[in-house]
Structures are given as structure tokens and as C-alpha cells.
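Enquirer: sequence first, then the predicted structure:
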Amino acid sequence: MYMLIDDAVNAFHFHHTSAVGHEPRHYYVSTPPYLATIICHSGLVLPALQDRVVYAFLSYDFGTTGLCVPGYEGQRHRKITIQRVLNQVLPQRTLTHVLRTSYG
């Protein structure tokens, strides 16, 4: 999906970084009432993506400890995986739209 990272980025805060091979992945979790996790691949940093269109996958996670909003383990979370930044592409959705549909 082509998604515009809009002002909804402010609903997320940094959680942690891990590495898969040599690739750093940054994890961000939303503030309740939204239950969402964003994983930025390739060293992308979420705040720097505001007003950019990204290629992202949407799925769900069932509140894996350490990968979700603390205190909401075991509850359904929207999982947004950002792969790369796109140029000269119109978005199909905005982060605001995705976040509004991320209630547990």
C-alpha cells in the first residue's frame, strides 16, 4: 500500500530498535485508545517520514509482549510495516485513516 505519513505520526512514540542481520528496524507504538505498532525497515526513522509517501504492509498482531502498546498485551494491534520511501506516487491511504481503524 502507498501510505502518506501525516500528522498521525504524533500518536506514536519510539519503543526500541532491533536488527535482523545487518538491517536495523525501529519500532514505534501508538498511544491508547489506538492500538498500533509501526516497524520501520532499512533504518528508516518514523518522525523523518512525516509528509512522505511510503510503501507499507498492513496486518495485525495479537499484542506480542515487547512489540505492542505496553499494558495491552494479548489484544489485537494494527501492525504497519514500512519498507521504503516512494517518490512521485499518490497515496492510497493516510496514516490517520489506518490509525482510526486500529482499535483493538
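Expert: Here it is on my side, so go on. This is a predicted model, so every value here is computed, not measured.
Enquirer: end-to-end on stretch 30-45?
Expert: 15 Å (CA to CA, to the nearest Å).
Enquirer: right, I mislabeled it, should have said stretch 20-38
Expert: 16 Å.
Enquirer: make residue 1 into 27 and carry on from there
Expert: That works, and once the first residue is 27, the last one we named lands at stretch 46-64.
Enquirer: run through who's touching that stretch.
Expert: Here stretch 46-64 makes contact (CB atoms under 8 Å, 6 or more residues apart in numbering) with 37-45, 65-72, 87, 89, 93-98, 101-108, 124-125, 128-130. Yep, even glycine has a C-beta here, placed from its N, CA and C like the rest.
Enquirer: identify each buried residue in it, please.
Expert: Buried residues in stretch 46-64, counted by 16 or more other CB atoms under 10 Å: 51, 52, 53, 54, 55, 56, 60, 61, 62, 63, 64.
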